[in-house]
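Undergrad: sequence and predicted model, in that order:
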Amino acid sequence: MSSAVFVCPEESAFYTQCLQLFFSIYCDAISEVHEFGSGDGVPMVNAIRQSSFKGMIHGYEVNDASWSQANLLIQRCQIEKRYCVHLASFFDICVQPSNCALVTNPPYLPALTDTVLYMKELYGGEDGAMISRKLLSLGYRTVLLMVSSFSNPVELLRFAAEQGYAVSDFLVTPLPFGLYSSQPEVKTQIFELYRKHRAFFSEHYYLLAGVIFRKTERVDMELTVNLMNIMQSLRRSS
Ligand SMILES: C[S@@+](CC[C@H](N)C(=O)[O-])C[C@H]1O[C@@H](n2cnc3c(N)ncnc32)[C@H](O)[C@@H]1O
């Protein structure tokens, strides 16, 4: 199963909605976008079709089945001049973050090790936020990051503020636990995080936020604190 393509239509559709919000705000201000983990390319292609963003989007994907599906889709839609997915680890490329924005629905599954996962490319470290922290350390001025309520969201938002990021906008949705997050090894770790107040969810749902971060001289914490409160709001009844 490790060579399988990431499939979660509800999550990918919400990522598309967040990309649309992002493009509606930054359409004219940004000329190049980098995408970490493009998957099969569907979320970005759907967002591009409904946006007037004229710049170039470079996606990076390590899973070769996903990469080839994404580029087939791009060719079919004839948008090669707007979106290209490269087969490479994002962390191996030489990024020039200063003039570009970063967008991503990153791997955020918490587990003790990646070897236990159905799809090891979805591993987010022991607390699920390891890749997100790494991405927020790269120096991009503008970032759209999907943040899960079961992946240590409060400490992640605090980390973002320490890196000089203010939350400038967000969308939040409840998502049911799916194929990947219901895997027993993942669920056990999510419960462990819940016990330590580092994961928040109800019986069947967790929250996913699409968060737009901007680097600023003085970080205004108002929306960061509001979002921290929202991300902690789901509870189990027992
Ligand atoms: C949660 S999925 C999101 C896929 C797609 N963007 C979506 O929302 O449907 C995360 C993706 O990141 C990819 N990925 C993991 N590590 C990566 C890395 N170092 N560089 C590039 N892509 C990576 C995975 O293969 C996976 O396709």
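TA: Alright, I've got the coordinates. Numbering: from 1, shown residues only.
Undergrad: which bits of the protein sit near the ligand?
TA: Contacts of the chain with the ligand, taken as C-beta under 6 Å from any ligand atom, map to 6, 12, 15, 36-39, 43, 60-63, 66, 89-91, 105, 107, 121-122. Where C-beta positions appear, they are placed from N, C-alpha and C, glycine not excepted.
Undergrad: and the spatially most central residue of the chain, its phi and psi?
TA: With distances taken as C-alpha atoms, centre = their mean, the residue of the chain nearest its centroid is residue 105 (2.2 Å). Dihedral pair for residue 105: phi -110, psi 90, per degrees, to the nearest 10.
Undergrad: re earlier: of the residues of the chain next to the ligand, buried ones?
TA: 6, 12, 15, 36-39, 43, 60-63, 66, 90, 105, 107, 121-122 (16 or more other C-beta atoms under 10 Å).
Undergrad: show me where the chain has helices.
TA: Listed from the start of the chain, the chain has helices (DSSP state H) covering 9-26, 42-49, 64-77, 130-136, 153-162, 184-195, 222-231.
Undergrad: with distance to residue 168 and mean pLDDT added, can I get the ones you listed in JSON lines?
TA: Compiled in JSON lines, the helices of the chain are given as follows (distance: least, C-beta to C-beta, whole Å; pLDDT from 0 to 100):
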{"stretch": "helix 9-26", "distance to residue 168": "8", "mean pLDDT": "97"}
{"stretch": "helix 42-49", "distance to residue 168": "18", "mean pLDDT": "98"}
{"stretch": "helix 64-77", "distance to residue 168": "28", "mean pLDDT": "98"}
{"stretch": "helix 130-136", "distance to residue 168": "14", "mean pLDDT": "98"}
{"stretch": "helix 153-162", "distance to residue 168": "11", "mean pLDDT": "98"}
{"stretch": "helix 184-195", "distance to residue 168": "27", "mean pLDDT": "98"}
{"stretch": "helix 222-231", "distance to residue 168": "7", "mean pLDDT": "98"}
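Undergrad: so for residue 144, which of those helices sits nearest?
TA: helix 9-26 (4.6 Å; C-beta to C-beta).
Undergrad: now residue 154: how far from the ligand?
TA: 21 Å (C-beta to the nearest ligand atom, to the nearest Å).
Undergrad: pretty sure that residue sits against residue 228.
TA: Yes. With contact defined as C-beta atoms under 8 Å, residue 154 counts as touching residue 228 (5.1 Å).
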